[in-house]
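[1] What would the 3D arrangement of this be:
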Amino acid sequence: MTDAPLILWFRRDLRLADHPMLAAAAETGRPVVAVAILDDLAERLGAAPKWRWGAALGAFAARLEAIGARLILRRGPALDVLAALVAETGASGVWWSRLYDPASKARDAEVKAALRALGIDARSFPGFLLHEPWTVETGQGGPYKVYSPYWRAVRDRGVGAPLPTVTRLRPPAAWPESDRLEDWALGAEMRRGLEIVAGHACVGEEAAAGRLTGFLEGRIGRYGAERDLPGAEATSGLSENLAQGEVGPRQVWLGAARAMEEGAAGAETFLKELVWREFTYHLLHHFPDLARSNWRAEWDAFPWRGESPQAERWRRGMTGEPFVDAGMRELYVTGRMHNRVRMVVASYLTKHLLTDWRLGLAWFEDCLIDWDPAANAMGWQWVAGSGPDAAPYFRVFNPATQAKKFDPEGAYRRRFVAELSRGPGPEALAFFEAAPRRWRLDPGAGYPEPVISLEAGRAQALAAYGQRAG
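    Purely as a prediction, here's the structure:
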């Protein structure tokens, strides 16, 4: 037994409820020093994810203050910061919740080895996923590569009861010095778009809990029927909160499972989407190059296009295809994009424009407030056809057909594309306020002609993809 402090290193687990690492620390009764570190991995986050992480830190710091604790902020290499805090506080343990992307895993392994060599209890905990990636195996003992059998393997697995919310943490004898969050300027790269995107974010554990409750008590019943309709607002909206750990996946799973037992029509479909998130991390853990290289090696010779004026028009939401442009502008105004529309804009870039999926992946990584390394990589490779369990190469989403089917009245397109309305609404106009001035966009300039006709784009995609397939 020891009364030495514990250092708890927070990353993407910014909540007090159902938190394995935090609950275990509180159970010890030892003093706790909570820390967040702006290291090189955090510095390299895209503009929107970096801002969103900073907003989550601010909300979590307030939650900690309410239970008698503090969030210490330090900047520098993680190992250096943690070693310094150990020396300053006399801590005998450093704990954290696991992350599963390759860069985080490499950093954490280095930190764990170095701290243990110093005699420090360096320990990692679950909590970001329902199932640790290495605990789900095929009958032959390897990883799953296809979603459907993965779903069947985990759908009836227990996830355990949620842990109680931590309501008190013992403070150390003296608090270490801390940086000021505002001095980190985590939103600086957002520039003039920051205020607009911030108005669409749902930040913090309390807001996430309210969002989950609202979904379970209302929209989940129509989730299965309406989740593909971007104008229906039938989804949970929890992706940004799961990305920051402001809500735990077990909380979401158990709530949706209870709704299914009570007869909610869309609950099972929602549970499958939550397991899709698990599947993407299962793949990223076992195949760490998923975000950098074609999963299917035969795609390495495909003549993807790189940067081009057409790809830049895609980024700016000026392709001349309203459904595509609505999605790209939604991304820039809200920091998010409806999942159905994500598939359409990704297909347009990789198939109609034959552009490398990694270019699109990088743009999403910079612009999404719900950015997730596994989901982003899997989504882009799935649509491009180069990834695991991918869409067949000949599946080319037609933006006009998709719009007719999923936005039949055009409400979503008018919501975000100002040029389609005589009296555009605030979100459509907000795009021009958020967009960089160097883009020189003007809502009164008229809507652009299409980059390429949908028929010609499909034909060239099928020709290129068919040649590869042959």
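[2] make it CA atoms for all contacts and neighbour counts henceforth
    Noted.
[3] how does this protein divide up, domain by domain?
    1-126, 129-161+198-286, 297-469 (automatic domain parsing).
[4] out of those domains, nearest to residue 183?
    domain 1-126 (10.4 Å; Cα to Cα).
[5] quick check: mean pLDDT across that closest one?
    Mean per-residue pLDDT for domain 1-126: 97.
[6] Please apply the same query to stretch 173-183.
    So the average pLDDT for stretch 173-183 ends up being 97.
[7] Please point out which parts of that stretch sit buried.
    Residues residue 181 are the ones in stretch 173-183 that count as buried (16 or more other Cα atoms under 10 Å).
[8] Could you give the separation between the terminal residues of it?
    Terminal residues of stretch 173-183 lie 26 Å apart, using Cα to Cα, to the nearest Å.
[9] Can you get me a residue count around the nearest residue to residue 20 once chain neighbours are set aside?
    Excluding the flanking residues, the one nearest residue 20 by Cα to Cα, 6 or more residues apart in numbering is residue 127, at 6.1 Å. Number of residues near residue 127 (other Cα atoms under 10 Å) recorded here: 21.
[10] shouldn't residue 127 be in contact with residue 22?
    No: with contact defined as Cα atoms under 8 Å, residue 127 does not reach residue 22; the gap is 10.1 Å.
[11] re earlier: how about the domains of the chain in TSV, adding distance to residue 189 and mean neighbour count?
    As requested, these are exported to TSV (distance: least, Cα to Cα, whole Å; neighbours: other Cα atoms under 10 Å):
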stretch	distance to residue 189	mean neighbour count
domain 1-126	5	19
domain 129-161+198-286	13	18
domain 297-469	10	19
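[12] Residue 184: which of those domains is closest?
    domain 1-126 (8.2 Å).
[13] quick check, distance from the closest one to the centre of its chain.
    Computed by Cα atoms, centre = their mean, to the nearest Å, the chain-centroid distance of domain 1-126 equals 20 Å.
[14] The longest strand belonging to the chain: what's the following helix or strand?
    When the chain is parsed with DSSP state E, its longest strand is strand 32-38. For strand 32-38, the succeeding helix or strand toward the C-terminus, using DSSP states H and E, is helix 40-43.
[15] helices and strands around that next one, which ones?
    Applying 3 or more Cα pairs under 8 Å, 6 or more residues apart in numbering; DSSP states H and E, we find helix 40-43 packed against no helix or strand.
[16] and the helix or strand that comes right after it, what other elements does it pack with?
    Note on helix 40-43: by DSSP H and E, the next helix or strand toward the C-terminus is helix 47-66. On a contact count with 3+ Cα pairs under 8 Å, 6+ apart, helix 47-66 meets strand 71-75, helix 357-367.
[17] Go ahead and produce CSV holding the CA coordinates of the last one.
    Coordinates of the C-alpha atoms in helix 357-367 are reproduced here as CSV (Å, rounded to 0.1, in the frame of the first residue of the first chain):
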residue,chain,number,x,y,z
TRP,A,357,-8.4,8.5,-51.6
ARG,A,358,-5.5,9.7,-49.3
LEU,A,359,-6.1,13.3,-50.6
GLY,A,360,-9.7,13.1,-49.4
LEU,A,361,-8.7,11.4,-46.1
ALA,A,362,-6.3,14.2,-45.4
TRP,A,363,-9.0,16.9,-46.0
PHE,A,364,-11.4,15.1,-43.7
GLU,A,365,-8.7,14.8,-41.1
ASP,A,366,-8.3,18.6,-41.2
CYS,A,367,-11.9,19.5,-41.2
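[18] follow-up on the earlier one: columns distance to residue 407 on top of the helices and strands packed on helix 47-66, output as TSV?
    Listed next are the helices and strands packed on helix 47-66 as TSV, based on distance: least, Cα to Cα, whole Å:
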stretch	distance to residue 407
strand 71-75	45
helix 357-367	23
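[19] is it true that residue 131 touches residue 278?
    Yes: in this structure, residue 131 is within contact of residue 278 by Cα under 8 Å, at 7.3 Å.
[20] The stretch 1-150 of the chain: helices as residue ranges?
    Secondary structure of the stretch 1-150 of the chain by DSSP state H, counting those that start in this stretch: the helices cover 20-28, 40-43, 47-66, 78-89, 102-117, 147-154.
[21] Nearest to residue 429, out of these?
    helix 47-66 (19.9 Å).
[22] Make sure residue 265 is indeed in a helix.
    No: remark: residue 265 does not belong to a helix; assigned using DSSP: H, G, I helix; E, B strand; the rest coil, it is coil.
[23] ok, now which ones touch it?
    220, 221, 222, 223, 224 (Cα atoms under 8 Å, 6 or more residues apart in numbering).
[24] so where's the stretch 301-450 of the chain uncertain?
    Low-confidence segments of the stretch 301-450 of the chain (pLDDT under 70): 390-391, 393.
[25] Which parts of it are helices?
    Using DSSP H, counting those that start in this stretch, helices in the stretch 301-450 of the chain cover 309-315, 322-334, 339-347, 357-367, 373-384, 399-406, 411-416, 426-434.
[26] Residue 151 touches residue 275, doesn't it?
    Yes: Residue 151 lies in contact with residue 275 (Cα under 8 Å); the separation is 6.6 Å.
[27] Not counting its neighbours along the chain, what's nearest residue 187?
    residue 51 (4.4 Å).
[28] for residue 378, same thing?
    residue 280 is the one closest to residue 378 (Cα to Cα, 6+ apart), at 6.2 Å.
[29] Tell me the helices and strands packed up against the host helix or strand of that neighbour.
    Counting by DSSP H and E, the element that carries residue 280 is helix 267-286. With contacts taken as 3+ Cα pairs under 8 Å, 6+ apart, helix 267-286 sits against helix 147-154, helix 223-226, helix 249-261, helix 373-384.
[30] ok so, going back, can you tell me which of the domains of the chain is nearest to residue 171?
    Once the domains of the chain are compared by Cα to Cα, domain 1-126 is nearest, at 5.0 Å.
[31] Let me see the contact set for the closest residue to residue 387 other than its chain neighbours.
    Leaving out its chain neighbours, the residue that sits closest to residue 387 by Cα to Cα, 6+ apart is residue 381, at 4.4 Å. Shown in contact with residue 381 (Cα under 8 Å, 6+ apart): 294, 295, 357, 387, 388, 390.
[32] Quick check: of the residues you listed, which lies closest to residue 460?
    residue 357 (16.7 Å).
[33] contacting residues for the closest one?
    346, 349, 350, 380, 381, 384.
[34] Could you export those residues as JSON lines, including distance to residue 247?
    What follows is those, written out as JSON lines (distance: Cα to Cα, whole Å):
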{"residue": "346", "distance to residue 247": "28"}
{"residue": "349", "distance to residue 247": "33"}
{"residue": "350", "distance to residue 247": "33"}
{"residue": "380", "distance to residue 247": "25"}
{"residue": "381", "distance to residue 247": "27"}
{"residue": "384", "distance to residue 247": "31"}
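[35] For residue 324, give me its contacts.
    Residues in contact with residue 324 (Cα under 8 Å, 6+ apart) are 317, 341, 344, 345, 348, 399.
[36] before we move on, the earlier item: can you pull the contacts of the residue nearest to residue 187?
    186, 187, 188, 190, 369.
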